[in-house]
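need a structure here:
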Amino acid sequence: MSKSLGSRTVQSGSISKGKDNTSQSLQMMERPLMTPDELKSMPKGQFIVMKTGAHPMKVKLKLFFQWGISFGEPYTVPDKGNRPVAYAGKEALVQAIQEKYPPQEEPQQPKAKEQPPQPGPEDKKLHASSPGRRQRKPGKEREDDRP
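Below is the predicted model of the structure:
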């Protein structure tokens, strides 16, 4: 509600006094027309009237019963009180889900004969002395390369 009322610009200032000098500063700052605390603490009979196309107004109005308005019977909500609550078990939940969403069986496709993969150039294992293998610099052997 405070945001919908809008804001205004106010002048704010401060004065500070030191041992030998005094400084004064003034600044313009934005402030809500009414803060949430100000809205909550409004006295009875005081209202904010907001209409589209017009600025909001703070007004004093009589309460409805001071205008002579009365109601036949006060509205009462039927008391449903504490009702027993039943919880479903895991099996009941699983069964209900399977009934609503039955598992769909996939059509079985004939299995093709599996052939062993053919070794490609990247699958060839290189012997330690082969020219394609990267040689380590002397003194850079790994622990498992040492005799």
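
so where's this structure uncertain?
110-147 (pLDDT under 70).

now do the SS call for Ile97.
Following DSSP: H, G, I helix; E, B strand; the rest coil, Ile97 is assigned to helix.

can you count the residues close to it?
Ile97: 10 surrounding residues under other Cβ atoms under 10 Å. Every C-beta, even on glycine, is put in place using the N, C-alpha and C of the backbone.

same question for Arg8.
A count of nearby residues for Arg8, using other Cβ under 10 Å, gives 10.

who's in contact with it?
Residues near Arg8 by Cβ atoms under 8 Å, 6 or more residues apart in numbering: Glu30, Arg31, Leu33.

tell me how far the nearest residue to the second one once chain neighbours are set aside lies from Gln27.
Using Cβ to Cβ, 6 or more residues apart in numbering and skipping the chain neighbours, the partner closest in space to Arg31 is Val10 (5.1 Å). When distances are taken as Cβ to Cβ, to the nearest Å, Val10 and Gln27 turn out to be 10 Å apart.

again, but for Phe65
48 Å.

cool, and Gln109?
78 Å.

quick one: distance of stretch 36-48 to the chain centre.
32 Å (Cα atoms, centre = their mean, to the nearest Å).

also stretch 52-72?
The answer for stretch 52-72 is 38 Å, by Cα atoms, centre = their mean.

tell me the span between the first and last residue of it.
Using Cα to Cα, to the nearest Å, the end-to-end distance of stretch 52-72 comes to 33 Å.
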